[in-house]
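[1] Model the following, please.
(one chain, ligands or ions: 1)
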Amino acid sequence: MALRNIRINEDPVLRKKAKKVDRFNKRLHGLLDDMAETMYAAPGIGLAAPQVGILKRVIIFDVNDQLFEMINPVITETEGEQIDIEGCLSVPGKYGRVQRPENIKVEYQDRNGEKLSLEAESLTAVCVCHETDHLEGKLFTDIVIEYLTQEELEESGKELDEAL
Ligand code: ZN
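    Numbering: from 1, shown residues only. Here you go, the predicted model:
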């Protein structure tokens, strides 16, 4: 495994659309393993392949010490809304309020190509939405309602290692 370089700010790769994965091989597994190592080292709780310069539809995230790997994820259902504070490993130091669906259903493949689906809510839903946006070249800064000042961030109790 190896740490990959996280692309930040105006890096053009962050604005490109990622391509579907059709080979579930060792190279993909290496990417997934590297992404997990890179995410935990950052530290963060989510990472999409374009954030390490790879334009493939691959995302990972960790909620409650469970690592999720999703290849070719597609959100097929959304319901309700929630507003939570988000930060992004590719936009260091900025945190803001973002509106997302409260509940989602996502269809995806695992690292071996098996088709799966997940119904998710709260933080897990936020992670899937934030990371799948990365696959479209979108950042939370595109839809942020308002940024938080350092003081507001401290008062919010948001952990600074929860960037995605
Ligand atoms: Zn992000």
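
[2] and the longest helix anywhere in the chain with the ion, contact?
    Looking across the chain with DSSP state H, the single longest helix is helix 26-41. No: between helix 26-41 and the ion, judged by CB under 5 Å from the ion, nothing touches; the nearest distance is 10.5 Å. From N, CA and C alone the C-beta is placed, and that goes for glycine too.

[3] Not counting that helix itself, show me its contacts.
    Applying CB atoms under 8 Å, 6 or more residues apart in numbering, the contact partners of helix 26-41 are 1-4, 6, 21, 45-47, 49, 52, 54, 56, 58, 60-62, 67, 69, 71, 89, 111.

[4] Are any of those residues buried, and if so which?
    4, 6, 21, 45-47, 49, 52, 54, 56, 58, 60-62, 69, 71, 89, 111 (16 or more other CB atoms under 10 Å).

[5] Filter those down to the ones in strands?
    Of the positions in these, Gly46, Leu47, Val58, Ile60, Phe61, Asp62, Glu69, Ile71 sit in strands, assigned by DSSP state E.

[6] can you pull out the helices in this structure?
    Going by DSSP H, the chain shows helices at 26-41, 122-135, 150-156.

[7] Show me what from this protein comes close to the ion.
    Cys88, Leu164.

[8] so where is the chain shaky, pLDDT-wise?
    Scanning the chain for pLDDT under 70 picks out 160.

[9] residues touching the residue of it found nearest the ion, list them.
    Nearest residue of the chain to the ion (CB to the ion) works out as Cys88 at 3.2 Å. With contact set as CB under 8 Å, 6+ apart, Cys88 has these partners: Lys94, His130, Leu139, Phe140, Thr141, Ala163, Leu164.

[10] With neighbour count as new columns, can those be given to me in TSV?
    TSV is the format used below for those (neighbours: other CB atoms under 10 Å):
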residue	neighbour count
Lys94	17
His130	25
Leu139	19
Phe140	24
Thr141	15
Ala163	26
Leu164	26
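
[11] Fine by me, thanks again.
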